[in-house]
Structure formats: structure tokens, C-alpha cells
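In: take a look and give me a structure for this.
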Amino acid sequence: MNTTPDPSMNAVDPAAAPRRSRTPLVLMALIFIAPVLVAGVLVLAGWHPRVAGEGESIMPQRNFAQEGVQIVLEDGQAWPWRDSKPRLTLLALPGPDCASRCITAITHLAEARLMLNQNQPRLRLLYVGPPPAAAESSGMRNYWQIGRDVHDSLAAFRPSEPDTVNAVLVESNGTALSLYPAGTDASGILRDLRKVIR
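Out: From the prediction side, this is the model:
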């Protein structure tokens, strides 16, 4: 009986060894590259991640500075969407006849800014529309800049119901981030503000 081992049984194909050692490396590279490729495709397709918050995303995205949206303040100065410091703007847009409910909502928005504590200076408050009758007695001008929309460029963001107010959060470069329709809870707006102002 021949017990000599057949050399062909133990022979290793010299070309197969490098192929086997490269396979795990290629798989690992694909694991790291695949998410980057998927993200690139999504961005090119126009998809942007949405951070869960109280506000509604503004799509298509708008940049008020690039569009040349002109807001003139009560002192005749133009509102600078791009500020000298990186500060966001909370824009209040009243519907027709801003009265008691509207003033209450505006007051709650100003209180949300106060709750930012040391980060208060990083948020500007801008009211765009005819000043309410109670602007003086409510102390509104202590917190809000009041202006008018020269070309009515922000009409799409205004509520149609009387005595209500919508709010829009605007990035320091003029990009509109979120719309808060009339009736949105100010505490929810404050939570959103705390996410973006740190």
C-alpha cells in the first residue's frame, strides 16, 4: 500500500493567496466608502437632512440676503441680513390687524429669547409689518426692531387670519431655516433655538 502523500493535494496555488488576502481589504474599503457615496448622491439629488424640531422646513430653500429682500426699519436704515457678528434672526410676520393675540404671541417669542440667557445677543428679533396699536404700552420696542417689507417679498410667510403671527428663523447668512405657523408653542421654538444657538 502506497502511503506517500500526493503532492498535488497540498499544493497551494501561488496566485490564489494574494487574492484571498485582498478580499477582506476590498470589503473593508467598501464599508467605509459606501456611506460617502450614498451621501454624495443624496446631496446632488437635492435632499437635505431635517433635524426634528417644532418648525417646518422651508423648501425650496430661500436666502433673503441673496434675493435682496429689503426691510426698512423705523429709523430709515436697511435691515442687514448678514450681520457684522454671526447672529440669527427671529422674524415675526403678523397677519391683518395685529391686536391682543398677536401681541401675546410676540411677547412669548421675546420671552423665549430671554430664556437663552447668556446667548441672548446671538439672536435678533425683527417684526415686519404695521406696528400694533399696543406697541408702546406693551414695551414691544424694548425687544423688537420694527420694519416694513419694501417689496412685500415675505408675503408667502404671513398668516391670513387676523390677529395672528407667524415666525421665521433666519440663519446669520440670510438663509431661512424654519417656519413657525401661528399658534406654535413658544417653548417648542425655544427648544429649537437652543439647538442652533450655543
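In: so for this structure, the centremost residue is which one?
Out: Most central in the chain under CA atoms, centre = their mean is residue 177, positioned 3.3 Å from the mean C-alpha point.
In: that one belongs to a strand, doesn't it?
Out: Yes - assessed by DSSP: H, G, I helix; E, B strand; the rest coil, residue 177 belongs to a strand.
In: report the helix or strand with the lowest average pLDDT across the chain.
Out: helix 7-10 (a mean of 54; mean pLDDT, DSSP states H and E).
In: let me see the backbone angles for residue 56.
Out: With angles defined as degrees, to the nearest 10, residue 56 sits at phi -100, psi 130.
In: buried set for stretch 21-32?
Out: Neighbour counts over stretch 21-32 (16 or more other CB atoms under 10 Å) mark no residue as buried. No exception for glycine: its C-beta is placed from N, CA and C like everyone else's.
In: need the CA coordinates for it. PDB is fine.
Out: Provided in PDB are the C-alpha atoms of stretch 21-32 (Å, rounded to 0.1, in the frame of the first residue of the first chain):
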ATOM      1  CA  SER A  21      -5.700  38.400   1.400                       C
ATOM      2  CA  ARG A  22      -7.000  41.300  -0.800                       C
ATOM      3  CA  THR A  23     -10.700  40.400  -0.500                       C
ATOM      4  CA  PRO A  24     -11.100  41.500   3.200                       C
ATOM      5  CA  LEU A  25      -9.300  44.800   2.400                       C
ATOM      6  CA  VAL A  26     -11.600  45.500  -0.500                       C
ATOM      7  CA  LEU A  27     -14.700  44.700   1.600                       C
ATOM      8  CA  MET A  28     -13.500  47.000   4.400                       C
ATOM      9  CA  ALA A  29     -12.800  49.800   1.900                       C
ATOM     10  CA  LEU A  30     -16.400  49.400   0.500                       C
ATOM     11  CA  ILE A  31     -17.800  49.600   4.000                       C
ATOM     12  CA  PHE A  32     -16.200  53.000   4.500                       C
END
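In: chain center to it: distance?
Out: Distance, stretch centre to chain centre, for stretch 21-32: 37 Å (CA atoms, centre = their mean, to the nearest Å).
In: what count of nearby residues applies to the residue lying closest to residue 53 once chain neighbours are set aside?
Out: Take residue 53 and drop its neighbours on the chain: the residue closest to it by CB to CB, 6 or more residues apart in numbering is residue 192, 4.4 Å away. Look at residue 192: counted by other CB atoms under 10 Å, it has 20 neighbours.
In: assign a three-state SS to residue 192, would you?
Out: Three-state assignment for residue 192 (three-state DSSP): helix.
In: equivalent analysis for residue 121, please.
Out: When classified by three-state DSSP, residue 121 comes out as helix.
In: no further queries at this time; thank you.
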